[in-house]
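J.: predicted model and sequence below, questions to follow.
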Amino acid sequence: MRKFLKALVFCTKLGSFMLLSVLLIILGAETFTNLRANDHCHAKAADCRQGDVGLVLGCSKRLSRNRANFYFTGRMQAAAELWKTGKLRCLIVSGDNREKYYNEPRDMKAALVKLGVPEDKIVCDYAGLRTYDSVVRANRIFGAEKLTIISQSYHVKRAVATARQLGMNAEGLNAPLVPINRPTWLRQFLRERAARVAMVFDLLIGSEPRHMGERIALPQ
């Protein structure tokens, strides 16, 4: 019985230590993200500086066959609004294109053209499989050093923190958020916490995007 109690105490202490370690890691990632990005993210296009290149981060156009994804719609509207202020010279639309019938950059480009952005000022990045990849490729493949990143606030903050840590002159424009129920909010909250920890890890080890390739010139 004594051995069992000792083992139980040890396991309890170990579990507490591991939980505390996880919480400290999450807190560290949150602190890093906020310090790097809070002063560089804007709620309105009018508040953004005279930028150079817009980077629109991808997501699915639809949640199901008959249900539009309002996160997608919000990002496209924010990007088009920023373009119309005259503060950008071009836009990179970066997203996933791993499957034959799923193409985020193509869908984003088509949506932006419908919203009045000239087609020849939109460049597709078909290898933006992760936010980290999209940011790194914007700089190393497309040569962008001055970025305005467009996505929802929780997402754009992580992308701006990544870009600024990598030496880019980056700021963000927050696209509209969508009202969600509590379970969805909790899933999104937990997912974002994990994504920020992964971002810090990628930065620490100098991760490379899954795909790189040759340089691609942006429109002048």
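T.: Great, that's in hand. Numbers count the residues shown, from 1 in each chain.

J.: where do the helices sit along the protein?
T.: Ranges of helices in the chain, per DSSP state H, are 2-37, 70-84, 104-114, 131-140, 153-165, 182-205.

J.: got JSON lines for those, with distance to Gly213 and mean neighbour count too?
T.: All C-beta spots, glycine's among them, are computed from the backbone N, C-alpha and C. Shown next, in JSON lines, are these (distance: least, C-beta to C-beta, whole Å; neighbours: other C-beta atoms under 10 Å):
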{"stretch": "helix 2-37", "distance to Gly213": "28", "mean neighbour count": "12"}
{"stretch": "helix 70-84", "distance to Gly213": "24", "mean neighbour count": "21"}
{"stretch": "helix 104-114", "distance to Gly213": "15", "mean neighbour count": "19"}
{"stretch": "helix 131-140", "distance to Gly213": "9", "mean neighbour count": "23"}
{"stretch": "helix 153-165", "distance to Gly213": "20", "mean neighbour count": "23"}
{"stretch": "helix 182-205", "distance to Gly213": "19", "mean neighbour count": "14"}
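
J.: which of those helices sits closest to Leu218?
T.: Leu218 lies closest to helix 131-140 among those, at 9.5 Å (C-beta to C-beta).

J.: quick one: the closest one to chain centroid distance?
T.: 10 Å (C-alpha atoms, centre = their mean, to the nearest Å).

J.: so what touches that helix?
T.: Here helix 131-140 makes contact (C-beta atoms under 8 Å, 6 or more residues apart in numbering) with 53, 55, 57-58, 92, 94-95, 125, 127-128, 144-145, 147, 149, 155, 158-159, 162-163, 166, 168, 170, 195, 198-199, 202, 207-212.

J.: dump the helices of the chain into TSV; add mean pLDDT and distance to Ala45 as well.
T.: Below are the helices of the chain laid out as TSV (pLDDT from 0 to 100; distance: least, C-beta to C-beta, whole Å):
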stretch	mean pLDDT	distance to Ala45
helix 2-37	76	18
helix 70-84	95	4
helix 104-114	95	14
helix 131-140	96	19
helix 153-165	96	13
helix 182-205	90	24
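
J.: good, we can wrap up now.
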